[in-house]
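Undergrad: Just a sequence and a predicted model for now, questions to come.
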Amino acid sequence: MSNKIIKVSQLSKTYKGGVEAVKNISFNVKEGEFFAFLGPNGAGKSTTIKMLTTLTRPTSGEVEIAGYDLLRQPDKIRLKIGVALQNTAIDPTLTGRELIRLQGRLFGFSKAESNNRANELVELVGLTEDADRACGKYSGGMQRRLDLAITLVHRPKVLFLDEPTVGLDPASRIDLWEEIKKLNREYGTTIFLTTQYLEEADQVADRVGIIKNGEIVALENPQSLKNSLALDKIQMSFSSMEEKEKAKLAVIKIAPNLESVETMIKVYVQKSQKVLPEIIRILAEAYVFPEDISISSPTLDDVFLQVIRNKNN
Ligand SMILES: Nc1ncnc2c1ncn2[C@@H]1O[C@H](COP(=O)(O)OP(=O)(O)OP(=O)(O)O)[C@@H](O)[C@H]1O
């Protein structure tokens with residue numbers, strides 16, 4: 001069997017009224033992979049996730065998940081996936097443990113199995129102490145962890161999460177990411193998630209897909225995305241405007257992509273470790289010496305903005 005657990009081929013969705021939300025996208029996700037799907041508002045992320053999870057019918061294209069065809073075997077797919085979408089409604093009067101048990105019963109587990117699974121899952125997502133409180137009283141972070149536990153009841157092979165950490169404070173976000181990472185690393189669960197917190201995706205995702213106006217504009221691991229697209233920034237400050245001007249004249253010869261702000265120069269280069277010694281040498285020859293030098297590598301946010309801007313043109 002192929003180790004591609006999600007196969008998407010030329011998938012499109014045009015809504016009634018003519019909005020082409022997703023246009024002919026193709027990609028695969030490997031078993032056990034942590035895949036982050038990024039894009040600006042309205043790019044087509046939710047539409048894609050809804051199609052992959054059998055909630056919205058594609059206009060055209062083919063999808064296979066865990067070996068099953070999306071259009072012909074949606075019921076089989078539903079047993080293999082867990083889905084946590086935005087704004088899921090849960091009964092606030094039930095306790096966390098009761099909700100997980102209920103989900104177990106819905107999946108056909110016996111009472112005893114559902115109880116056991118609820119005990120395991122409250123522990124897994126760190127809700128043991130609050131499991132017997134009404135979930136309507138949970139904080140945002142606790143509710144998200146409960147959502148996660150509920151989606152895990154039937155031990156899905158693939159977990160789809162639509163912006164799982166949106167609206168959470170930074171500490172709760174870190175906690176939830178830890179839970180998701182744990183599922184991926186320890187249990188081998190394939191993760192497909194959408195997020196707008198790019199820096200976090202950078203830390204955890206094996207691969208990142210960027211969608212814009214319904215089209216995939218980048219599909220790579222975060223590091224090569226950064227290497228191929230964004231430039232390192234070398235920033236140097238000088239003691240006076242005069243010194244800065246002298247430096248600028250010298251540096252521009254070897255690194256033309258630069259901008260200057262007051263007594264500072266910012267140089268954008270492919271590989272700062274190669275170019276920096278050259279810059280120092282050429283400055284020394286011109287008898288100018290920076291007061292301060294710093295190098296920064298692109299963040300995924302920089303790359304994201306660059307991809308989105310480029311594709312605007
Ligand atoms: N049910 C619908 N009927 C008509 N148009 C829709 C429907 N749902 C989404 N759209 C449109 O499809 C496009 C893609 O929307 P989608 O919700 O998939 O984007 P998104 O990337 O998830 O955005 P966000 O980050 O804002 O949630 C948008 O232009 C949106 O207005």
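TA: Good, I have the coordinates.
Undergrad: is it fair to say I265 lies in a helix?
TA: No: I265: not assigned to a helix; according to DSSP: H, G, I helix; E, B strand; the rest coil it is strand.
Undergrad: Packing partners of the longest helix anywhere in the chain?
TA: The single longest helix within the chain, with elements called by DSSP state H, is helix 170-187. Contacts defined by 3 or more CB pairs under 8 Å, 6 or more residues apart in numbering; DSSP states H and E place helix 170-187 against helix 140-151, strand 158-162, strand 190-194, helix 198-204. Every residue, glycine included, has its C-beta placed from N, CA and C.
Undergrad: Format those as CSV; extra columns: distance to the ligand.
TA: CSV is the format used below for those (distance: least, CB to the nearest ligand atom, whole Å):
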stretch, distance to the ligand
helix 140-151, 17
strand 158-162, 8
strand 190-194, 7
helix 198-204, 13
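Undergrad: residue ranges with poor pLDDT in the stretch 1-150 of the chain?
TA: The stretch 1-150 of the chain contains residues with pLDDT under 70 at 1-2, 86-89.
Undergrad: Which positions in it make contact with the ligand?
TA: Y15, G17, V19, A21, G39, N41, G42, A43, G44, K45, S46, T47 (CB under 6 Å from any ligand atom).
Undergrad: about what we covered before: quick one: the longest helix of the chain to chain centroid distance?
TA: 13 Å (CA atoms, centre = their mean, to the nearest Å).
Undergrad: what sits up against it?
TA: 32, 34, 124-126, 139-141, 144-145, 148, 152, 159, 161, 164-165, 168, 189-191, 193, 197, 200, 203-204 (CB atoms under 8 Å, 6 or more residues apart in numbering).
Undergrad: what comes up buried for that helix?
TA: S172, R173, D175, L176, W177, E179, I180, L183, N184 (16 or more other CB atoms under 10 Å).
Undergrad: and the angle from it to strand 158-162?
TA: Interaxial angle of helix 170-187 relative to strand 158-162 (axes from the mean of the first three to the mean of the last three CA atoms, to 10 degrees): 160 degrees.
Undergrad: quick one: average pLDDT of helix 170-187?
TA: Average pLDDT, helix 170-187: 85.
Undergrad: Tell me what angle it forms with helix 140-151.
TA: Relative orientation of helix 170-187 versus helix 140-151 (the same axes, to 10 degrees): 20 degrees.
Undergrad: who's in contact with the residue nearest to F107 when sequence neighbours are not counted?
TA: Nearest non-adjacent residue to F107, counting by CB to CB, 6 or more residues apart in numbering: H154, 4.6 Å away. Going by CB under 8 Å, 6+ apart, H154 touches L79, G82, G104, F107.
Undergrad: Make sure I have this right: H154 is in a strand.
TA: No: checked against three-state DSSP, H154 lies outside a strand; its state is coil.
Undergrad: quick revisit: got a PyMOL select line for the buried ones in the contacts of helix 170-187?
TA: With 16+ other CB under 10 Å as the burial test, the buried ones among the contacts of helix 170-187 are selected in PyMOL as follows:
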select buried, resi 32+34+124+125+126+141+144+145+148+152+159+161+164+165+168+189+190+191+193+197+200+204
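Undergrad: For the residue nearest to the spatial centre of the chain, name its beta-bridge partners.
TA: By CA atoms, centre = their mean, the chain has its centre lying nearest to A36, at 3.3 Å. In this entry, A36 is beta-bridged to L193, V208, by DSSP bridges.
Undergrad: returning to that earlier point: list just the nearest of the buried residues of helix 170-187 to the ligand.
TA: Checking the buried residues of helix 170-187 against the ligand with CB to the nearest ligand atom, the nearest one is R173 at 17.0 Å.
Undergrad: is it true that A247 touches A284?
TA: No: between A247 and A284 there is no contact under CB atoms under 8 Å: 10.9 Å.
Undergrad: Neighbour count: these two, which is higher?
TA: Remark: of A247 and A284, A247 carries more neighbours, 25 against 11, as counted by other CB atoms under 10 Å.
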